[in-house]
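Asks: with the sequence up front, the predicted model follows.
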Amino acid sequence: KAGVTQTPRYLIKTRGQQVTLSCSPISGHRSVSWYQQTPGQGLQFLFEYFSETQRNKGNFPGRFSGRQFSNSRSEMNVSTLELGDSALYLCASSLTPPGQGFTGELFFGEGSRLTVL
Amino acid sequence: AQSVTQLGSHVSVSEGALVLLRCNYSSSVPPYLFWYVQYPNQGLQLLLKYTTGATLVKGINGFEAEFKKSETSFHLTKPSAHMSDAAEYFCALYGNNRLAFGKGNQVVVIP
């Protein structure tokens, strides 16, 4: 069974540009969460999608957005990039979403490492 | 608010020695607690979890953790460190429909 797949693995952008990251969850998993990982802040929750609906959102500015498609694949977008957006962006999937019998086990992809110059 | 505290960002341990990583939590409801491990250039992998029931939980690669409600702790241990245990370890708490992670412990194993 294939794991969570994230693309691209590495990318470099300049300030002011925008970026789109993609995540394909484990087959059958309908919940997808996104996390930002930086050395200073650690792992911070961005948002979570289930059945194409954003069900939960962390404390990030509106420049960070996401969506989920009918096949459960998800994308996140960051507009007007800032230097501080440089991070590893991790996607995680789960069989059941938070609040519906979910016990917290997430399956993570290897991440997309974004560098903003 | 739900939160997790991991002290000591870097932990050095000799090969064959005890690995002990400390995790304390704050939660207004019975917690679901987790330890995840992250190897270089990889995502996070679940080591073990506590939801309900037995307070001593065993995970993969010889790790175990004990939930102590009175101490609000969920410390991770492994009796004998192996070189392959070098990684970053995160304690996490499930609450408010999301996982809250600690800052992590970077474990270095000294031959």
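Replies: Yep, it's here.
Asks: dump the residue contacts of residue 18.
Replies: By default, I'm working from chain A. A:Asn77, A:Val78, A:Ser79, A:Thr80, A:Leu81 (CB atoms under 8 Å, 6 or more residues apart in numbering or on different chains). Bear in mind the C-beta positions are built from the backbone N, C-alpha and C, glycine included.
Asks: if you could check chain B rather than the one you did, that'd help
Replies: B:Leu18 neighbours (CB under 8 Å, 6+ apart): B:Thr77, B:Lys78, B:Pro79, B:Ser80, B:Ala81.
Asks: likewise for A:Gly16?
Replies: A:Thr80, A:Leu81.
Asks: burial count for A:Glu52?
Replies: Other residues near A:Glu52 number 13, with proximity taken as other CB atoms under 10 Å in any protein chain shown.
Asks: before we move on, the earlier item: also near chain A: which of the contacts of B:Leu18, exactly?
Replies: Near chain A, judged by CB under 8 Å from any CB of the partner chain, there are no entries from the contacts of B:Leu18.
Asks: for these, could you give me JSON lines that also reports secondary structure and pLDDT?
Replies: Below are the contacts of B:Leu18 laid out as JSON lines (DSSP: H, G, I helix; E, B strand; the rest coil; pLDDT from 0 to 100):
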{"residue": "B:Thr77", "secondary structure": "strand", "pLDDT": "97"}
{"residue": "B:Lys78", "secondary structure": "strand", "pLDDT": "97"}
{"residue": "B:Pro79", "secondary structure": "coil", "pLDDT": "97"}
{"residue": "B:Ser80", "secondary structure": "coil", "pLDDT": "97"}
{"residue": "B:Ala81", "secondary structure": "coil", "pLDDT": "97"}
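Asks: ok, of these, which one's closest to B:Asn41?
Replies: Closest approach to B:Asn41 among these (CB to CB): B:Ala81, at 21.5 Å.
Asks: count the residues that sit near the closest one.
Replies: B:Ala81 has 21 nearby residues by other CB under 10 Å.
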